[in-house]
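Visitor: just coords:
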Ligand SMILES: [Zn+2]
(Lines give C-alpha, C1' and ligand atoms only; values in the text may rest on other atoms or scores of the structure.)
Protein backbone atom coordinates (compact mmCIF):
# COMPACT_ATOMS: atom_id res chain seq x y z
CA UNK A 1 0.00 0.00 0.00
CA UNK A 2 1.21 3.48 -0.86
CA UNK A 3 2.69 5.95 1.65
CA UNK A 4 0.33 8.44 3.32
CA UNK A 5 0.05 11.73 1.41
CA UNK A 6 -0.51 15.22 2.72
CA UNK A 7 -1.56 17.68 0.03
CA UNK A 8 -0.95 20.99 1.67
CA UNK A 9 -2.45 24.46 1.22
CA UNK A 10 -4.40 24.02 -2.02
CA UNK A 11 -7.76 25.48 -2.95
CA UNK A 12 -10.09 22.52 -2.48
CA UNK A 13 -12.84 22.59 -5.09
CA UNK A 14 -15.19 19.69 -4.45
CA UNK A 15 -18.78 20.32 -5.53
CA UNK A 16 -19.85 16.94 -4.09
CA UNK A 17 -19.27 18.31 -0.59
CA UNK A 18 -19.88 21.98 -1.46
CA UNK A 19 -16.30 22.83 -0.65
CA UNK A 20 -14.36 25.72 -2.15
CA UNK A 21 -11.75 26.80 0.38
CA UNK A 22 -8.05 26.55 1.25
CA UNK A 23 -7.40 23.30 3.13
CA UNK A 24 -5.20 20.20 3.34
CA UNK A 25 -6.03 16.71 2.13
CA UNK A 26 -4.74 13.66 3.97
CA UNK A 27 -4.62 10.35 2.13
CA UNK A 28 -4.02 7.08 3.99
CA UNK A 29 -4.13 3.60 2.50
CA UNK A 30 -5.23 4.89 -0.91
CA UNK A 31 -8.31 6.61 0.52
CA UNK A 32 -9.20 10.12 1.60
CA UNK A 33 -8.72 10.33 5.37
CA UNK A 34 -9.53 13.98 6.02
CA UNK A 35 -10.03 17.34 4.30
CA UNK A 36 -9.56 20.38 6.54
CA UNK A 37 -7.18 23.27 7.20
CA UNK A 38 -4.08 22.75 9.34
CA UNK A 39 -3.73 18.96 9.10
CA UNK A 40 -0.43 17.63 10.44
CA UNK A 41 -0.58 14.09 9.07
CA UNK A 42 1.63 11.17 10.11
CA UNK A 43 5.40 11.66 10.17
CA UNK A 44 6.09 9.37 7.24
CA UNK A 45 3.58 11.15 4.98
CA UNK A 46 4.75 12.45 1.62
CA UNK A 47 4.05 16.19 1.62
CA UNK A 48 2.87 17.87 -1.56
CA UNK A 49 2.85 21.64 -1.70
CA UNK A 50 -0.35 22.73 -3.44
CA UNK A 51 -0.30 26.41 -2.56
CA UNK A 52 -1.66 28.43 -5.48
CA UNK A 53 -3.12 25.28 -7.01
CA UNK A 54 -6.59 23.74 -7.17
CA UNK A 55 -7.17 20.31 -5.61
CA UNK A 56 -10.26 18.50 -6.92
CA UNK A 57 -11.72 15.05 -7.30
CA UNK A 58 -10.04 13.38 -10.30
CA UNK A 59 -11.78 13.87 -13.63
CA UNK A 60 -13.94 11.10 -15.09
CA UNK A 61 -14.43 10.53 -18.81
CA UNK A 62 -17.08 8.00 -19.79
CA UNK A 63 -16.12 8.02 -23.47
CA UNK A 64 -12.66 7.14 -24.77
CA UNK A 65 -11.28 4.86 -27.51
CA UNK A 66 -7.99 3.12 -26.69
CA UNK A 67 -7.69 0.94 -29.85
CA UNK A 68 -6.21 -2.11 -28.11
CA UNK A 69 -6.60 -4.84 -29.23
CA UNK A 70 -6.13 -4.36 -32.96
CA UNK A 71 -5.07 -0.72 -33.37
CA UNK A 72 -2.00 -0.50 -31.17
CA UNK A 73 -0.23 1.85 -33.59
CA UNK A 74 -2.86 4.50 -32.69
CA UNK A 75 -3.10 3.93 -28.93
CA UNK A 76 -2.67 1.19 -26.38
CA UNK A 77 -4.31 0.75 -23.01
CA UNK A 78 -1.01 1.84 -21.44
CA UNK A 79 -0.55 5.03 -23.51
CA UNK A 80 -4.25 5.83 -23.33
CA UNK A 81 -4.33 5.53 -19.54
CA UNK A 82 -1.18 7.67 -19.28
CA UNK A 83 -2.66 10.27 -21.63
CA UNK A 84 -5.76 10.34 -19.42
CA UNK A 85 -3.70 10.86 -16.26
CA UNK A 86 -1.77 13.66 -18.00
CA UNK A 87 -5.14 15.31 -18.60
CA UNK A 88 -6.17 15.02 -14.96
CA UNK A 89 -8.45 12.01 -15.45
CA UNK A 90 -8.50 9.25 -12.85
CA UNK A 91 -11.21 7.07 -14.43
CA UNK A 92 -12.02 6.53 -18.09
CA UNK A 93 -14.47 4.24 -19.86
CA UNK A 94 -12.96 2.43 -22.86
CA UNK A 95 -15.33 1.84 -25.77
CA UNK A 96 -15.66 -1.68 -27.19
CA UNK A 97 -15.11 -0.94 -30.91
CA UNK A 98 -11.66 -2.49 -30.95
CA UNK A 99 -10.58 -5.29 -33.27
CA UNK A 100 -11.83 -7.78 -32.18
CA UNK A 101 -14.55 -5.88 -30.31
CA UNK A 102 -15.18 -6.26 -26.57
CA UNK A 103 -18.19 -8.51 -27.07
CA UNK A 104 -17.24 -11.43 -24.82
CA UNK A 105 -16.08 -11.69 -21.19
CA UNK A 106 -12.47 -12.53 -22.13
CA UNK A 107 -12.09 -9.38 -24.24
CA UNK A 108 -13.66 -7.21 -21.53
CA UNK A 109 -11.47 -8.80 -18.86
CA UNK A 110 -8.35 -8.21 -20.96
CA UNK A 111 -8.83 -4.43 -20.94
CA UNK A 112 -9.24 -4.30 -17.19
CA UNK A 113 -6.33 -6.63 -16.49
CA UNK A 114 -4.03 -4.85 -18.93
CA UNK A 115 -4.61 -1.47 -17.24
CA UNK A 116 -3.94 -3.02 -13.83
CA UNK A 117 -0.85 -4.83 -15.06
CA UNK A 118 0.78 -1.58 -16.22
CA UNK A 119 -0.21 0.12 -12.97
CA UNK A 120 1.54 -2.64 -10.99
CA UNK A 121 4.65 -2.09 -13.11
CA UNK A 122 4.66 1.61 -12.28
CA UNK A 123 3.53 2.64 -15.75
CA UNK A 124 -0.15 3.06 -15.02
CA UNK A 125 -2.38 6.03 -15.60
CA UNK A 126 -6.08 6.50 -15.05
CA UNK A 127 -8.27 3.57 -14.03
CA UNK A 128 -9.65 2.01 -17.21
CA UNK A 129 -13.17 0.58 -17.07
CA UNK A 130 -14.19 -1.47 -20.11
CA UNK A 131 -17.55 -0.90 -21.78
CA UNK A 132 -18.95 -4.06 -23.34
CA UNK A 133 -20.42 -4.32 -26.81
CA UNK A 134 -24.22 -4.17 -26.90
CA UNK A 135 -24.41 -6.55 -29.87
CA UNK A 136 -22.26 -9.44 -31.07
CA UNK A 137 -19.53 -8.13 -33.35
CA UNK A 138 -21.13 -4.65 -33.02
CA UNK A 139 -23.33 -5.88 -35.86
CA UNK A 140 -26.54 -4.59 -34.30
CA UNK A 141 -28.38 -7.90 -34.55
CA UNK A 142 -27.81 -10.24 -31.61
CA UNK A 143 -27.52 -8.97 -28.05
CA UNK A 144 -24.29 -9.87 -26.23
CA UNK A 145 -24.42 -11.90 -23.01
CA UNK A 146 -24.56 -8.89 -20.78
CA UNK A 147 -24.38 -10.79 -17.49
CA UNK A 148 -21.05 -12.32 -18.48
CA UNK A 149 -19.68 -8.98 -19.63
CA UNK A 150 -20.65 -7.32 -16.35
CA UNK A 151 -19.06 -10.14 -14.39
CA UNK A 152 -15.84 -9.57 -16.36
CA UNK A 153 -15.90 -5.88 -15.43
CA UNK A 154 -18.06 -4.11 -18.02
CA UNK A 155 -19.60 -0.92 -16.60
CA UNK A 156 -22.02 -0.26 -19.48
CA UNK A 157 -22.85 -1.49 -22.98
CA UNK A 158 -22.75 0.29 -26.33
CA UNK A 159 -22.09 -0.26 -30.02
CA UNK A 160 -20.40 3.17 -30.21
CA UNK A 161 -18.79 3.87 -33.51
CA UNK A 162 -22.11 2.56 -34.75
CA UNK A 163 -25.60 3.35 -33.52
CA UNK A 164 -27.87 0.68 -32.08
CA UNK A 165 -30.21 1.02 -35.03
CA UNK A 166 -32.81 -1.69 -34.43
CA UNK A 167 -35.49 -0.29 -32.06
CA UNK A 168 -36.42 -3.76 -30.82
CA UNK A 169 -32.79 -4.48 -29.87
CA UNK A 170 -32.64 -1.10 -28.13
CA UNK A 171 -35.80 -1.90 -26.21
CA UNK A 172 -34.43 -5.27 -25.10
CA UNK A 173 -31.13 -3.68 -24.05
CA UNK A 174 -32.91 -1.05 -21.97
CA UNK A 175 -34.96 -3.78 -20.33
CA UNK A 176 -32.15 -6.26 -19.76
CA UNK A 177 -29.49 -3.86 -18.44
CA UNK A 178 -31.75 -2.90 -15.52
CA UNK A 179 -30.98 -6.22 -13.85
CA UNK A 180 -27.32 -5.11 -13.68
CA UNK A 181 -28.02 -1.42 -13.07
CA UNK A 182 -25.85 -0.28 -15.97
CA UNK A 183 -26.62 2.26 -18.71
CA UNK A 184 -26.94 1.71 -22.44
CA UNK A 185 -24.70 4.23 -24.20
CA UNK A 186 -26.07 5.28 -27.55
CA UNK A 187 -24.24 6.84 -30.49
CA UNK A 188 -27.44 8.43 -31.81
CA UNK A 189 -27.39 8.42 -35.58
CA UNK A 190 -29.76 7.34 -38.32
CA UNK A 191 -27.34 5.96 -40.89
CA UNK A 192 -29.86 6.26 -43.73
CA UNK A 193 -30.29 9.97 -43.02
CA UNK A 194 -26.54 10.43 -42.66
CA UNK A 195 -26.19 8.93 -46.15
CA UNK A 196 -22.42 8.57 -45.89
CA UNK A 197 -22.04 12.25 -45.10
CA UNK A 198 -18.69 13.52 -43.88
CA UNK A 199 -19.55 16.86 -42.22
CA UNK A 200 -22.51 18.96 -41.11
CA UNK A 201 -25.17 19.52 -43.77
CA UNK A 202 -25.36 23.20 -44.73
CA UNK A 203 -23.75 26.01 -46.66
CA UNK A 204 -20.16 25.14 -45.66
CA UNK A 205 -20.59 21.57 -46.91
CA UNK A 206 -22.15 22.85 -50.12
CA UNK A 207 -19.32 25.32 -50.70
CA UNK A 208 -16.73 22.59 -50.08
CA UNK A 209 -18.59 20.07 -52.20
CA UNK A 210 -18.79 17.60 -49.30
CA UNK A 211 -21.73 15.36 -48.35
CA UNK A 212 -23.62 16.64 -45.31
CA UNK A 213 -25.18 14.99 -42.24
CA UNK A 214 -28.36 16.76 -41.07
CA UNK A 215 -29.17 17.48 -37.41
CA UNK A 216 -32.20 15.23 -37.80
CA UNK A 217 -29.92 12.22 -38.26
CA UNK A 218 -29.08 12.51 -34.56
CA UNK A 219 -32.31 13.97 -33.20
CA UNK A 220 -34.67 11.29 -34.58
CA UNK A 221 -32.74 8.59 -32.71
CA UNK A 222 -32.55 10.72 -29.56
CA UNK A 223 -36.34 11.12 -29.65
CA UNK A 224 -36.94 7.43 -30.39
CA UNK A 225 -34.64 6.21 -27.63
CA UNK A 226 -36.09 8.60 -25.06
CA UNK A 227 -39.49 7.05 -25.80
CA UNK A 228 -37.98 3.57 -25.39
CA UNK A 229 -36.32 4.59 -22.11
CA UNK A 230 -39.68 5.87 -20.91
CA UNK A 231 -41.37 2.65 -22.00
CA UNK A 232 -38.85 0.38 -20.27
CA UNK A 233 -37.52 2.41 -17.34
CA UNK A 234 -33.95 1.65 -18.46
CA UNK A 235 -31.02 4.07 -18.20
CA UNK A 236 -30.28 5.64 -21.57
CA UNK A 237 -27.07 7.63 -21.92
CA UNK A 238 -26.80 9.60 -25.16
CA UNK A 239 -23.23 10.14 -26.24
CA UNK A 240 -21.70 13.26 -27.80
CA UNK A 241 -24.76 15.46 -28.37
CA UNK A 242 -24.27 17.79 -31.33
CA UNK A 243 -27.65 19.06 -32.54
CA UNK A 244 -29.78 21.70 -30.84
CA UNK A 245 -32.97 19.70 -31.52
CA UNK A 246 -31.57 16.82 -29.43
CA UNK A 247 -31.35 19.17 -26.44
CA UNK A 248 -35.07 19.96 -26.76
CA UNK A 249 -35.94 16.28 -26.53
CA UNK A 250 -33.63 15.75 -23.55
CA UNK A 251 -35.20 18.71 -21.73
CA UNK A 252 -38.64 17.23 -22.36
CA UNK A 253 -37.50 13.81 -21.16
CA UNK A 254 -36.22 15.36 -17.91
CA UNK A 255 -39.59 16.96 -17.29
CA UNK A 256 -41.23 13.58 -17.74
CA UNK A 257 -38.85 11.85 -15.36
CA UNK A 258 -37.24 9.64 -18.02
CA UNK A 259 -33.89 8.12 -17.02
CA UNK A 260 -31.71 9.80 -19.61
CA UNK A 261 -28.24 11.28 -19.21
CA UNK A 262 -26.09 12.99 -21.83
CA UNK A 263 -22.60 14.20 -22.59
CA UNK A 264 -20.98 17.02 -24.54
CA UNK A 265 -17.47 16.95 -26.01
CA UNK A 266 -15.01 19.84 -25.63
CA UNK A 267 -14.91 20.11 -29.44
CA UNK A 268 -18.67 20.45 -29.85
CA UNK A 269 -18.50 22.99 -27.02
CA UNK A 270 -15.95 25.19 -28.77
CA UNK A 271 -15.90 24.52 -32.53
CA UNK A 272 -18.32 24.78 -35.43
CA UNK A 273 -18.47 23.50 -39.01
CA UNK A 274 -16.30 26.50 -39.95
CA UNK A 275 -13.32 24.53 -38.58
CA UNK A 276 -13.65 22.20 -41.59
CA UNK A 277 -12.80 25.05 -44.00
CA UNK A 278 -9.69 24.18 -45.99
CA UNK A 279 -10.70 20.51 -45.82
CA UNK A 280 -9.07 20.18 -42.41
CA UNK A 281 -9.39 16.53 -41.45
CA UNK A 282 -8.61 17.38 -37.78
CA UNK A 283 -12.13 18.84 -37.77
CA UNK A 284 -13.74 15.71 -39.19
CA UNK A 285 -15.79 14.07 -36.45
CA UNK A 286 -18.91 12.02 -36.04
CA UNK A 287 -21.28 13.54 -35.06
CA UNK A 288 -19.98 16.46 -37.08
CA UNK A 289 -19.23 19.94 -35.78
CA UNK A 290 -22.49 21.86 -36.26
CA UNK A 291 -23.53 25.47 -36.72
CA UNK A 292 -22.91 28.30 -34.25
CA UNK A 293 -26.61 28.19 -33.18
CA UNK A 294 -26.19 24.54 -32.20
CA UNK A 295 -23.00 25.27 -30.30
CA UNK A 296 -24.72 28.04 -28.34
CA UNK A 297 -27.66 25.82 -27.38
CA UNK A 298 -25.39 22.94 -26.30
CA UNK A 299 -23.13 25.26 -24.33
CA UNK A 300 -26.09 26.79 -22.48
CA UNK A 301 -27.51 23.31 -21.78
CA UNK A 302 -24.20 22.32 -20.19
CA UNK A 303 -24.19 25.49 -18.08
CA UNK A 304 -27.82 24.83 -17.01
CA UNK A 305 -27.05 21.18 -16.24
CA UNK A 306 -29.48 19.77 -18.82
CA UNK A 307 -26.37 18.17 -20.31
CA UNK A 308 -24.76 16.95 -17.12
CA UNK A 309 -21.30 15.91 -18.17
CA UNK A 310 -18.34 16.50 -20.46
CA UNK A 311 -16.80 13.49 -22.23
CA UNK A 312 -13.95 13.66 -24.72
CA UNK A 313 -14.69 10.88 -27.23
CA UNK A 314 -10.87 10.61 -27.33
CA UNK A 315 -10.38 8.97 -30.75
CA UNK A 316 -6.73 8.44 -31.68
CA UNK A 317 -5.83 8.08 -35.35
CA UNK A 318 -2.51 7.70 -37.04
CA UNK A 319 -1.03 10.74 -38.80
CA UNK A 320 -1.12 9.08 -42.21
CA UNK A 321 -4.79 8.19 -41.89
CA UNK A 322 -5.75 11.76 -41.10
CA UNK A 323 -3.57 12.93 -44.03
CA UNK A 324 -5.93 11.29 -46.53
CA UNK A 325 -8.48 13.13 -48.65
CA UNK A 326 -11.29 14.53 -46.49
CA UNK A 327 -13.82 11.96 -47.72
CA UNK A 328 -11.53 9.05 -46.83
CA UNK A 329 -10.01 10.29 -43.56
CA UNK A 330 -11.32 8.69 -40.36
CA UNK A 331 -13.64 10.54 -37.97
CA UNK A 332 -12.42 11.74 -34.57
CA UNK A 333 -9.76 13.53 -32.56
CA UNK A 334 -7.75 12.93 -29.40
CA UNK A 335 -9.02 14.92 -26.43
CA UNK A 336 -7.82 13.74 -23.03
CA UNK A 337 -4.88 16.12 -22.64
CA UNK A 338 -6.71 19.24 -23.76
CA UNK A 339 -10.17 18.75 -22.20
CA UNK A 340 -9.75 20.59 -18.90
CA UNK A 341 -7.78 23.57 -20.29
CA UNK A 342 -10.13 23.97 -23.26
CA UNK A 343 -13.20 23.89 -21.00
CA UNK A 344 -11.59 26.10 -18.35
CA UNK A 345 -10.69 28.64 -20.97
CA UNK A 346 -14.06 28.59 -22.71
CA UNK A 347 -16.38 28.39 -19.70
CA UNK A 348 -14.62 29.61 -16.55
CA UNK A 349 -12.19 32.28 -17.81
CA UNK A 350 -15.10 33.72 -19.81
CA UNK A 351 -17.10 33.98 -16.58
CA UNK A 352 -19.98 31.87 -17.85
CA UNK A 353 -19.48 29.03 -15.38
CA UNK A 354 -17.91 28.71 -11.94
CA UNK A 355 -14.88 26.48 -11.51
CA UNK A 356 -16.94 24.38 -9.12
CA UNK A 357 -19.64 23.77 -11.78
CA UNK A 358 -17.01 22.76 -14.31
CA UNK A 359 -15.49 20.25 -11.85
CA UNK A 360 -19.01 18.95 -11.33
CA UNK A 361 -19.51 18.38 -15.08
CA UNK A 362 -16.12 16.68 -15.44
CA UNK A 363 -16.00 14.61 -12.26
CA UNK A 364 -18.92 14.56 -9.81
CA UNK A 365 -21.73 14.42 -12.38
CA UNK A 366 -20.38 11.44 -14.33
CA UNK A 367 -19.83 9.53 -11.06
CA UNK A 368 -23.31 10.41 -9.84
CA UNK A 369 -25.07 9.72 -13.15
CA UNK A 370 -23.35 6.39 -13.71
CA UNK A 371 -23.39 5.29 -10.08
CA UNK A 372 -19.65 4.70 -9.88
CA UNK A 373 -17.00 5.47 -7.27
CA UNK A 374 -14.96 8.66 -7.51
CA UNK A 375 -15.97 12.24 -8.17
CA UNK A 376 -15.63 13.22 -4.52
CA UNK A 377 -13.07 14.02 -1.81
CA UNK A 378 -15.40 12.81 0.93
CA UNK A 379 -13.44 10.91 3.65
CA UNK A 380 -13.49 7.18 2.97
CA UNK A 381 -13.60 7.62 -0.83
CA UNK A 382 -10.81 6.39 -3.10
CA UNK A 383 -8.02 8.99 -3.24
CA UNK A 384 -8.52 9.90 -6.91
CA UNK A 385 -7.37 13.49 -7.07
CA UNK A 386 -6.26 16.09 -9.60
CA UNK A 387 -4.03 19.04 -8.70
CA UNK A 388 -3.88 21.80 -11.30
CA UNK A 389 -2.81 25.38 -11.80
CA UNK A 390 -5.99 27.20 -12.85
CA UNK A 391 -4.14 30.21 -14.21
CA UNK A 392 -1.19 28.79 -16.13
CA UNK A 393 -1.51 29.81 -19.75
CA UNK A 394 0.15 27.62 -22.38
CA UNK A 395 0.14 26.72 -26.06
CA UNK A 396 -1.20 23.32 -27.06
CA UNK A 397 1.58 21.34 -28.73
CA UNK A 398 0.44 17.92 -29.90
CA UNK A 399 4.05 16.70 -30.00
CA UNK A 400 4.06 16.85 -26.21
CA UNK A 401 1.07 14.51 -25.82
CA UNK A 402 1.43 11.23 -23.92
CA UNK A 403 -1.08 9.80 -26.35
CA UNK A 404 0.37 7.91 -29.31
CA UNK A 405 -1.72 10.04 -31.65
CA UNK A 406 -1.57 13.72 -32.50
CA UNK A 407 -4.85 14.33 -34.32
CA UNK A 408 -6.22 17.47 -32.66
CA UNK A 409 -7.76 20.68 -34.00
CA UNK A 410 -6.48 22.52 -30.92
CA UNK A 411 -2.78 22.59 -31.84
CA UNK A 412 -1.43 26.09 -31.36
CA UNK A 413 -4.37 27.22 -29.21
CA UNK A 414 -3.53 29.25 -26.14
CA UNK A 415 -5.37 27.67 -23.23
CA UNK A 416 -5.63 28.13 -19.47
CA UNK A 417 -5.03 25.58 -16.75
CA UNK A 418 -2.25 23.08 -16.42
CA UNK A 419 -2.39 19.69 -14.73
CA UNK A 420 0.35 19.43 -12.09
CA UNK A 421 -0.40 16.06 -10.54
CA UNK A 422 -2.87 13.22 -10.96
CA UNK A 423 -3.32 10.77 -8.11
CA UNK A 424 -5.10 7.41 -8.39
CA UNK A 425 -5.80 5.46 -5.20
CA UNK A 426 -3.24 7.61 -3.38
CA UNK A 427 -0.52 6.97 -5.96
CA UNK A 428 0.88 9.70 -8.24
CA UNK A 429 0.29 8.62 -11.84
CA UNK A 430 1.24 11.90 -13.48
CA UNK A 431 3.44 14.78 -12.38
CA UNK A 432 4.39 18.00 -14.15
CA UNK A 433 7.40 19.91 -12.89
CA UNK A 434 5.76 23.27 -13.45
CA UNK A 435 7.40 24.73 -16.53
CA UNK A 436 4.96 26.34 -18.93
CA UNK A 437 5.44 27.09 -22.57
ZN1 LIG B 1 -19.76 7.83 -31.28
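Guide: Looks like it came in fine. Predicted, not measured: the structure shown is a model, and the values here were computed from it. Numbering: from 1, shown residues only.
Visitor: Would you mind finding the longest helix in the chain?
Guide: helix 215-232 (DSSP state H).
Visitor: Quick check: buried residues in stretch 266-276?
Guide: Residues 266-273, 275-276 are the ones in stretch 266-276 that count as buried (16 or more other C-beta atoms under 10 Å). C-beta here means a position set from N, CA and C on the backbone, and glycine is covered the same way.
Visitor: what's the closest of those to the ion?
Guide: For those, the residue nearest the ion by C-beta to the ion is residue 268; the value is 11.7 Å.
Visitor: In contact with the closest one, which residues are there?
Guide: 240-242, 287, 289-290, 295, 298 (C-beta atoms under 8 Å, 6 or more residues apart in numbering).
Visitor: Repeat the analysis, applying 7 Å as the threshold.
Guide: Listed by C-beta atoms under 7 Å, 6 or more residues apart in numbering, the contact partners of residue 268 are 240, 242, 289, 295, 298.
Visitor: need the contact list for the first one.
Guide: The neighbourhood of residue 240, defined by C-beta under 7 Å, 6+ apart, consists of 263, 265, 268, 287, 313.
Visitor: where does it land in three-state SS?
Guide: Assigned with DSSP: H, G, I helix; E, B strand; the rest coil, residue 240 falls in the coil class.
Visitor: Residue 395: neighbour count?
Guide: A count of nearby residues for residue 395, using other C-beta atoms under 10 Å, gives 13.
Visitor: Same check on residue 323?
Guide: 11.
Visitor: got it, and the one 5 residues further on?
Guide: Taking other C-beta under 10 Å as the criterion, the count of residues near residue 328 is 9.
Visitor: any idea how far it is from residue 209?
Guide: Residue 328 sits 15 Å away from residue 209, going by C-beta to C-beta, to the nearest Å.
Visitor: Which members of the buried residues of stretch 266-276 are positioned in helices?
Guide: 266-270.
Visitor: would JSON lines of those residues with distance to residue 124 and pLDDT be doable?
Guide: JSON lines is the format used below for those (distance: C-beta to C-beta, whole Å; pLDDT from 0 to 100):
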{"residue": "266", "distance to residue 124": "24", "pLDDT": "97"}
{"residue": "267", "distance to residue 124": "27", "pLDDT": "97"}
{"residue": "268", "distance to residue 124": "30", "pLDDT": "98"}
{"residue": "269", "distance to residue 124": "29", "pLDDT": "98"}
{"residue": "270", "distance to residue 124": "30", "pLDDT": "97"}
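Visitor: contacts with the ion among these, please.
Guide: The subset of these within reach of the ion, by C-beta under 5 Å from the ion, is empty.
Visitor: Nearest to residue 94 among the residues you listed?
Guide: Nearest to residue 94 among those, counting by C-beta to C-beta, is residue 266 at 18.5 Å.
Visitor: which ones are touching that closest one?
Guide: Neighbours of residue 266 in contact, by C-beta under 7 Å, 6+ apart: 310, 312, 335, 338-339, 342-343.
Visitor: closest to the ion among these?
Guide: residue 312 (11.5 Å).
Visitor: which residues does residue 34 bridge with?
Guide: Under DSSP bridges, the beta-bridge partners of residue 34 are residue 26.
Visitor: Got the domain ranges for the chain?
Guide: Domain assignment of the chain by automatic domain parsing yields the ranges 5-54+383-431, 58-370.
Visitor: Now the first one: average pLDDT?
Guide: Across domain 5-54+383-431, pLDDT averages out at 95.
Visitor: still on that earlier bit, could I get the contacts of residue 266 in TSV, plus columns for distance to residue 259?
Guide: Below are the contacts of residue 266 laid out as TSV (distance: C-beta to C-beta, whole Å):
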residue	distance to residue 259
310	20
312	24
335	27
338	31
339	26
342	29
343	26
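Visitor: quick one: which of those residues sit in strands?
Guide: Judged by DSSP state E, the subset of these located in strands is residue 310.
Visitor: now, the most widely separated pair of the contacts of residue 266?
Guide: Once C-beta to C-beta is applied, the contacts of residue 266 give 310 and 338 as the farthest pair, at 11.8 Å.
Visitor: When these two are compared, which one has more neighbours?
Guide: With neighbours defined as other C-beta under 10 Å, residue 310 and residue 338 compare such that residue 310 has more, 30 against 25.
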